[in-house]
Structure formats: C-alpha cells, structure tokens
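In: next input, structure requested:
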Amino acid sequence: DPADMAPIIQAIGAGDLPKAIELTTPEITEKLSLAGTPDEVRAKIESEIAPTGVNHLIAAITDAGLVKQFTGRELTGVPDVDGQLRLIHDELMPAFK
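Out: Prediction:
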C-alpha cells in the first residue's frame with residue numbers, strides 16, 4: 001500500500017535516514033528489493049517479477065561502502081559493486097536470455 005511508504009518517504013525527505021530505516025519493515029524490504037544469493041534472486045525474478053510482464057530491470061547496487069556512508073552501519077559478507085555486477089552478469093543474465 002503506497003500509504004505505508006508515506007512516513008518512510010517523509011523521514012528520508014527530512015534527512016532522518018535512521019528513522020526511515022526503522023520504519024521500513026522486513027515485509028516492505030522484501031517487496032521492494034532483490035537480495036540474496038544468485039539462485040534466490042533468480043527464483044524471485046522468475047516467480048514474482050517476470051509473470052507481471054516486466055521485461056527489464058535496473059540494478060541499483062548497494063555495497064558495504066554505500067551502507068556505511070549512508071547509515072554508519074558495518075555490513076559484512078557482501079560483494080563490492082564490481083563483484084555484484086559480475087554475479088549479475090555471470091549468474092543471472094544467462095537465465096533470462
């Protein structure tokens with residue numbers, strides 16, 4: 001529901017990223033993002049996105065450095081931007097040609 005996003009958008013607009021993160025429930029995060037292993041991401045695209053008729057995606061890569069810069073939080077175990085782009089190229093794109 002777009003109304004669920006209003007307080008989050010207001011917090012971001014006010015520059016209160018910690019509040020926006022607090023308001024973003026796991027359910028909203030799951031609905032608005034693709035995250036996980038290549039197999040998990042591929043399965044979500046196949047089951048939830050492709051059936052809607054979407055025929056292209058834009059990947060907004062978020063790596064540990066970006067998370068640290070915006071939130072001050074440390075994120076471990078996530079490939080850097082180049083590594084994520086390589087995973088998309090090698091593991092996801094071939095499944096959708």
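In: lowest-pLDDT helix or strand in the protein?
Out: helix 64-71 (a mean of 85; mean pLDDT, DSSP states H and E).
In: so how far is it from its chain's centroid?
Out: Offset of helix 64-71 from its chain centre (C-alpha atoms, centre = their mean, to the nearest Å): 14 Å.
In: tabulate the CA atom coordinates of whichever helix or strand comes after it in PDB.
Out: Remark: after helix 64-71, the chain's next helix or strand is helix 81-87, criterion DSSP states H and E. Output of helix 81-87 as PDB, limited to C-alpha atoms (Å, rounded to 0.1, in the frame of the first residue of the first chain):
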ATOM      1  CA  VAL A  81      30.000  -3.200  -6.600                       C
ATOM      2  CA  ASP A  82      32.200  -4.900  -9.200                       C
ATOM      3  CA  GLY A  83      31.600  -8.300  -7.500                       C
ATOM      4  CA  GLN A  84      27.800  -7.800  -7.600                       C
ATOM      5  CA  LEU A  85      27.900  -6.700 -11.200                       C
ATOM      6  CA  ARG A  86      29.900  -9.800 -12.000                       C
ATOM      7  CA  LEU A  87      27.400 -12.000 -10.300                       C
END
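In: so which other helices or strands are in contact with the least confident helix or strand of the chain?
Out: If contacts are counted by 3 or more C-beta pairs under 8 Å, 6 or more residues apart in numbering; DSSP states H and E, helix 64-71 sits against helix 17-23. C-betas here are computed from N, CA, C, even on glycine.
In: the helix it packs on - contacts with which helices or strands?
Out: On a contact count with 3+ C-beta pairs under 8 Å, 6+ apart, helix 17-23 meets helix 2-13, helix 64-71.
In: in CSV, list the C-alpha atoms belonging to the first one.
Out: Meaning helix 2-13. As requested, C-alpha coordinates have been extracted for helix 2-13 and formatted as CSV (Å, rounded to 0.1, in the frame of the first residue of the first chain):
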residue,chain,number,x,y,z
PRO,A,2,1.5,3.3,-1.0
ALA,A,3,0.2,4.9,2.3
ASP,A,4,2.6,2.6,4.1
MET,A,5,5.5,4.3,2.4
ALA,A,6,4.4,7.9,3.2
PRO,A,7,6.1,8.1,6.6
ILE,A,8,9.3,6.5,5.2
ILE,A,9,9.4,9.0,2.4
GLN,A,10,8.8,11.8,4.8
ALA,A,11,11.7,10.7,7.0
ILE,A,12,14.0,10.4,4.0
GLY,A,13,12.9,13.8,2.8
